[in-house]
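Enquirer: Sequence and predicted structure below; questions after.
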Amino acid sequence: MAVPISPEELRAKRNSILKHQSQMESAPFLGNDERLFWQRSEDRNRGTARLYNSLGLASYEAMEAFVEYKPL
């Protein structure tokens, strides 16, 4: 499932991340990526929107993609 995100919703998402102290600490598996969590999140969401747009779908500021978890 993919959910389009408007510029206002993207700002609200960033502000929500910034309000949670647990999201401000470094993640255990960052690799070499030293960006803050909200920066990685915004870049990932904008990249997903660009990918969907390159497939010929509508253009959005950002897009959140979800997958359904199906236990084995």
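Expert: Noted; the coordinates are in hand. Residues are numbered from 1 along each chain as shown.

Enquirer: Please count neighbours and contacts with C-alpha atoms only from this point.
Expert: OK.

Enquirer: In the chain, mark out all the strands, start to finish.
Expert: 2-5, 62-65 (DSSP state E).

Enquirer: Comparing those, which stretch has the densest surroundings?
Expert: Highest mean neighbour count of the strands of the chain: strand 62-65, a mean of 19 (counted as mean count of other CA atoms under 10 Å).

Enquirer: Just the pLDDT for I5.
Expert: If you check I5, the pLDDT there is 97.

Enquirer: Next one: it relative to A49, how far apart?
Expert: The gap separating I5 from A49 is 9 Å, by CA to CA, to the nearest Å.

Enquirer: what do the two both touch?
Expert: Both I5 and A49 are in contact with 60-63, where contact means CA atoms under 8 Å, 6 or more residues apart in numbering.

Enquirer: can you redo those as JSON lines with distance to D43?
Expert: Converted to JSON lines, the shared contacts of I5 and A49 look like this (distance: CA to CA, whole Å):
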{"residue": "Y60", "distance to D43": "13"}
{"residue": "E61", "distance to D43": "11"}
{"residue": "A62", "distance to D43": "9"}
{"residue": "M63", "distance to D43": "10"}
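
Enquirer: Which one of those is nearest to L18?
Expert: Nearest to L18, judged by CA to CA, of these is A62 at 18.2 Å.

Enquirer: returning to that earlier point: kindly reformat the strands of the chain as a markdown table containing distance to N32.
Expert: As requested, those are arranged in a markdown table below (distance: least, CA to CA, whole Å):
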| stretch | distance to N32 |
| --- | --- |
| strand 2-5 | 27 |
| strand 62-65 | 23 |
